[in-house]
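Engineer: Model the structure of this input:
(chains A and B)
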2 protein chains.
Amino acid sequence: MKIYFSGSIRGGRQDAQLYQEIISHLKNYGEVLTEHIGQMDLQEDAITDIEIHNQDMAWLIASDVIIADVTVPSLGVGYEIGRGLEMKKPIYCFHRGEKTSAMISGCKEISTYKYETLEEVKGLIDGVFEKFQD
Amino acid sequence: MKIYFSGSIRGGRQDAQLYQEIISHLKNYGEVLTEHIGQMDLQEDAITDIEIHNQDMAWLIASDVIIADVTVPSLGVGYEIGRGLEMKKPIYCFHRGEKTSAMISGCKEISTYKYETLEEVKGLIDGVFEKFQD
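Structural biologist: Just a heads-up that it's a prediction; the model follows:
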């Protein structure tokens, strides 16, 4: 199982540590193609935006499932979800707080879950992958 | 010409006044399907997220061109750009500040422009539509 994890980079890195914990949990279920999203000292300067985009798109196309944290507003996360949806990838979104974008929560093809704590999101992820393995 | 203008709603409304001015300028070139994005007192409470999503997607599908302000990080704007790209819509993005998402600026199929002032973005929009009318 190839997992594409999507989280905010330039939109804001306040959740980077949490992404790292989520990625670590996702590894119980498969290979996480975008493990760098959880790196606390993520450096993008060595590669161009075109290289970043094309690498991420190659991983998105190769993935079996998209898991996105949609707490922090992010153009990149929204873009990946939009393109992944058109590619018919299964998409599962998780957010803290009352609301996320209506484009995410209002899309019938996306499963969106609210959470508050790391333990809670881990449990929700377990539920998603249990269904997958049926 | 049907124009889909995309700007941040739940991601942050600090640019709502600017969106209004951009939409007003876009009307020189066609019908702006998403005129509400510039409303200072935008109220979403009367409709569900599913209704918002499906209405916006119907407009996106009907549009001839997508114009997006990608200054404020927004899941919805990214989602609309991602889906629009897969639909082969022409997409033009504008942003203030040094950088926007690498998913936007690194995508060869999207034309991305930096601006600082309202007058500057209006001039860039004129350039886009002059090309369109050739």
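Engineer: Tell me where the model's unsure across chain A.
Structural biologist: Counting by pLDDT under 70, chain A shows low-confidence ranges at A:134.
Engineer: where along it do the strands fall?
Structural biologist: Per DSSP state E, chain A carries strands over the ranges A:2-6, A:31-32, A:65-69, A:91-95, A:110-114.
Engineer: Can you point out the buried residues in the last one?
Structural biologist: Just to be clear, that refers to strand A:110-114. Within strand A:110-114, the residues scored as buried using 16 or more other CB atoms under 10 Å in any protein chain shown are A:110, A:112-114. C-beta: built from backbone N, CA, C; applies to glycine.
Engineer: go on, stretch A:34-41?
Structural biologist: Applying 16+ other CB under 10 Å to stretch A:34-41 flags A:34-35, A:37-38 as buried.
Engineer: can you put these in JSON lines and add distance to chain B?
Structural biologist: Shown next, in JSON lines, are these (distance: CB to the nearest CB, whole Å):
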{"residue": "A:34", "distance to chain B": "12"}
{"residue": "A:35", "distance to chain B": "17"}
{"residue": "A:37", "distance to chain B": "12"}
{"residue": "A:38", "distance to chain B": "17"}
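Engineer: Just say which of the strands of chain A is most tucked in.
Structural biologist: Mean neighbour counts were taken over these using mean count of other CB atoms under 10 Å in any protein chain shown, and the top value, a mean of 24, falls to strand A:65-69.
Engineer: Just want the angle from that strand to strand A:2-6.
Structural biologist: When axes from the mean of the first three to the mean of the last three CA atoms, to 10 degrees is applied, the directions of strand A:65-69 and strand A:2-6 differ by 20 degrees.
Engineer: for strand A:65-69, packing partners?
Structural biologist: Helices and strands touching strand A:65-69, as assessed by 3 or more CB pairs under 8 Å, 6 or more residues apart in numbering or on different chains; DSSP states H and E, comprise strand A:2-6, helix A:16-26, helix A:75-86, strand A:91-95, helix A:118-133.
Engineer: Output the last one as PDB, restricted to C-alpha atoms.
Structural biologist: When you say that, I think you mean helix A:118-133. Output of helix A:118-133 as PDB, limited to C-alpha atoms (Å, rounded to 0.1, in the frame of the first residue of the first chain):
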ATOM      1  CA  LEU A 118      -3.200  12.800  18.200                       C
ATOM      2  CA  GLU A 119      -4.600   9.600  19.800                       C
ATOM      3  CA  GLU A 120      -8.000  10.400  18.200                       C
ATOM      4  CA  VAL A 121      -6.600  10.900  14.700                       C
ATOM      5  CA  LYS A 122      -4.600   7.700  15.100                       C
ATOM      6  CA  GLY A 123      -7.800   5.800  16.000                       C
ATOM      7  CA  LEU A 124      -9.600   7.300  13.000                       C
ATOM      8  CA  ILE A 125      -6.700   6.300  10.700                       C
ATOM      9  CA  ASP A 126      -6.900   2.700  12.100                       C
ATOM     10  CA  GLY A 127     -10.600   2.700  11.200                       C
ATOM     11  CA  VAL A 128      -9.900   3.900   7.600                       C
ATOM     12  CA  PHE A 129      -7.300   1.200   7.000                       C
ATOM     13  CA  GLU A 130      -9.300  -1.600   8.600                       C
ATOM     14  CA  LYS A 131     -12.000  -0.800   6.000                       C
ATOM     15  CA  PHE A 132      -9.400  -0.900   3.300                       C
ATOM     16  CA  GLN A 133      -8.200  -4.300   4.300                       C
END
